[in-house]
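Chemist: what shape does this take:
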Amino acid sequence: MKKLIYLFLLLTCTVFGQQKQFQMIHKETGKVESYTEGTRVKMRTVSGQKYVGVLSFTEDDKIKIDDNIFALDQIGAIKMQPKKFETLKKVLLISGLVIVGTGIILATAGSEAAFLVIAGGTGVTIGAGILEGINRNHISRRYDFKISTQ
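Modeler: Numbers count the residues shown, from 1 in each chain. Next up, the predicted model:
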């Protein structure tokens, strides 16, 4: 009887433990990357519209980003977009622009340190742009997209 109960528990964990995932398969190398349900993504459609939100799946193998549903052939590019990175990018961009603005004010006042302040602000602003490139895009002309169960 114990073996039957253990077998039943094993089968139910296997059946209910399956999770859908969005797979991106590189066309040349065959390397597979995947996003699970609940991942925050930024997606651009083939027509050029941009959507940012939490990835989920529908019953008929389409992806859903927040309240928008898309077929796999509508995806132009997709990338992971963590909330922490987005917040950090905004903070760096705004603070860099404020530092550059302060340097311009110092330059109009005739301060000799204006160049250093502007250079520092420019570096901080460029750092925000570098953070944008950390998570790379998966573009439809280089990747095949599919939905599978794990």
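Chemist: next SSE downstream of the lengthiest helix in the chain?
Modeler: Longest helix of the chain, by residue count under DSSP state H: helix 83-108. Next helix or strand after helix 83-108 toward the C-terminus (DSSP states H and E): helix 114-132.
Chemist: same for that next one, what does it pack against?
Modeler: helix 83-108 (3 or more C-beta pairs under 8 Å, 6 or more residues apart in numbering; DSSP states H and E). Yep, even glycine has a C-beta here, placed from its N, CA and C like the rest.
Chemist: I'd like to check the angle between the helix it packs on and helix 114-132, please.
Modeler: Angle, helix 83-108 to helix 114-132, by axes from the mean of the first three to the mean of the last three C-alpha atoms, to 10 degrees: 160 degrees.
Chemist: how far does helix 83-108 sit from the chain's center?
Modeler: A distance of 23 Å separates the centroid of the chain from that of helix 83-108, by C-alpha atoms, centre = their mean, to the nearest Å.
Chemist: list the buried residues of it.
Modeler: Lys89, Leu92, Leu93, Gly96, Ile99, Val100, Gly103, Leu106 (16 or more other C-beta atoms under 10 Å).
Chemist: all set, thanks.
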